[in-house]
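[1] got a predicted structure here, sequence first:
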Amino acid sequence: MTSSIPSADEPSPASRPVQPEPDDATVDPVAAADVPVPVGPSSDQLPEVETPVPGGTSHGAVAEADSSLAGPGAGYGFPAALWRALDDHPPPGLSRIRWRSPLRGPWLTSVFGATLLVVLPIVIVTGLLSYMAYGPKYGQAIPFDVGWLKLPSFDWPSSPSWLYRLSQGLHVGLGLVMIPVVLAKLWSVIPRLFAWPPSRSLAQVLERVTLLMVVGGILFEIVTGVLNIQYDYIFGFSFYTAHYFGAWVFIAGFVCHVCLKLPTMVRSLRSRSLRSVFGTSVADTVPEPLDPGGLVAPDPDPPTLSRRGVLAVVGGGSLLVGVLTAGQTLGGFTRSAALLLPRGRSYGKGPNDFQINRTAVAAGIDASVAGEQWRLHLLGGPEQVTLDRAALDAMPHHTVELPIACVEGWSTTQTWSGVRLSDLAAAAGTPHPASAVVSSLERFGAFNRAILQSNQILNPDSLLAFQVNGADLSLDHGYPARIIVPALPGVHCTKWVSAIEFRGT
């Protein structure tokens, strides 16, 4: 579009002061040669003016201004020759990519970023707490050998009983709920991911490395986490090991990214209010001003959705994911709404109809091994104590309602009955044990044994359980006996218990 209308900064001809014309006879010829005489262009010589994009300077104007001011090495840091060479040789097809959404911009990106800045630290902390709950000081956390990434050691609390249920439920639940926000954030910054050259200085290289760690790390954690929840171990490596080290890659990138981008995020959030965004219709939606980061489209398409519409879609998606998954942690009537969780599994009949991670068949346990010939061996005292089921039934029994929770995020509360572990420790001759090693009839597997801390053994609600909900345990749930300890990860509530070794101080 062309225009001969003067710009706002240029005075109209009528407003210009009239200069008196000098007398030709009095003009100094030398001075006249040094003073440039302005010559106004004719109407057909007026320069073409590009119509500014609403909300900012036009892309063409910006590019022209940059090129007119740029020297041989302008715009590039050290080593300028390398960045210039990259700029001159973009990948094939990259120049044909056009990002035309009128909604992208620093403000929308900052809204998604601020949301993740609240949620992600909770996911990170609860994930690290889950690792600590496995008891790394006893060598049973996976991975064990983590080098300088080793976390401080402490005794995992056995009270309140719902502690692990809460921490792991938050970790998995918030991790799922934030997936729509993560995808929206990636959509909002995708022009930067395809910028060429990817860097113009060594400082930008470091920034891009942290961005790669953030984007790659969070996508890796989400994909492996979701596959673990669905029991689809198609990746061919240990989930625990990969998820742990992947988390540290993400954490390092996340911390650096926040330090670099926090001032920009705060400044962008202050550029407009949520009230104004919620009050803007699709017809009134205009692009944000062009930004140095290149998020705003220089030639946007007409809007088909307002910013409040985008926020509603993303927020609604997160809410829907929450409704379809929260039942695995909350239990009760909400479990039937957890449609995104593994379905079609048979957990048992009647009182034993609740979640099972590892079946007796998978563990190589059959009824003959766990039948009447089963014996419990208590070790660690002056001599070994062997008890059959009749002797255990003669001991005082305790009934308690406790949740059992697993790393996949599911949990369930059941009523358990059995003998207190503290009573078994006294029967073994070690009334004040520092720890206990619980062994299973299962011969192979990563969790066929578990080490319990002193506070877990001596908790009055810690049991060697024989019954659940008033009925004997099913074989899949650990018959003839299993461990149940408050706030203990489910994999350490050992099933098919064959021996307990109590260790003194």
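    Happy to help now that I have it.
[2] so residue 495 makes contact with residue 477?
    Yes - counting by CB atoms under 8 Å, residue 477 is a contact partner of residue 495 at 6.9 Å. (C-beta placed from N, C-alpha, C; glycine too.)
[3] tell me which of these two has more neighbours.
    Higher neighbour count among residue 495 and residue 477: residue 495, with 29 against 25, using other CB atoms under 10 Å.
[4] what pLDDT does that one get?
    Residue 495 carries a pLDDT score of 96 in this model.
[5] and it, what does it touch?
    358, 363, 440, 442, 477-478, 482-483 (CB atoms under 8 Å, 6 or more residues apart in numbering).
[6] how close does the closest residue to residue 304 other than its chain neighbours get to residue 472?
    In space, and not counting its chain neighbours, residue 304 is closest to residue 282: 7.0 Å by CB to CB, 6 or more residues apart in numbering. Separation of residue 282 from residue 472 (CB to CB, to the nearest Å): 63 Å.
[7] count the neighbours of the residue found closest to residue 376 once you drop the neighbours it is linked to in the chain for me.
    Spatial nearest neighbour of residue 376, chain neighbours left out: residue 387 (4.8 Å); criterion: CB to CB, 6+ apart. Applying other CB under 10 Å, we find 18 residues neighbouring residue 387.
[8] you'd agree residue 387 is up against residue 375?
    Yes - counting by CB under 8 Å, residue 387 touches residue 375, with 6.8 Å between them.
[9] which SS state does residue 450 fall under?
    Per DSSP: H, G, I helix; E, B strand; the rest coil, the local secondary structure of residue 450 is strand.
[10] so which of the contacts of residue 495 is the most crowded?
    Busiest of these [other CB under 10 Å] is residue 478, holding 27 neighbours.
[11] run a quick neighbour tally on residue 412.
    Residue 412: 19 neighbours (other CB under 10 Å).
[12] report the secondary structure state of it.
    Residue 412 is classified as strand under three-state DSSP.
[13] who's in contact with it?
    Contacts of residue 412 by CB under 8 Å, 6+ apart are 331, 354-355, 403-404.
[14] how close does the nearest residue to residue 253 once chain neighbours are set aside get to residue 150?
    Distances taken as CB to CB, 6+ apart put residue 213 closest to residue 253, at 2.7 Å, once the chain neighbours are dropped. Separation of residue 213 from residue 150 (CB to CB) stands at 21 Å.
[15] the two - which one has more neighbours?
    Higher neighbour count among residue 213 and residue 150: residue 213, with 20 against 12, using other CB under 10 Å.
[16] secondary structure element for that one?
    helix 202-229 (DSSP states H and E).
[17] burial measure for residue 489, as a count.
    Residue 489 - counted by other CB under 10 Å - has 20 other residues nearby.
[18] please disregard the earlier target; I meant residue 178.
    Neighbours around residue 178, by other CB under 10 Å: 22.
[19] what do you get for residue 153?
    By other CB under 10 Å, neighbour count at residue 153 equals 11.
[20] now do the same contact list for it.
    Neighbours of residue 153 in contact, by CB under 8 Å, 6+ apart: 132, 136-137.
[21] just those residues: which are in helices?
    residue 132 (DSSP state H).
[22] could the contacts of residue 153 go into TSV alongside distance to residue 232?
    Formatted as TSV, these follow (distance: CB to CB, whole Å):
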residue	distance to residue 232
132	27
136	27
137	32
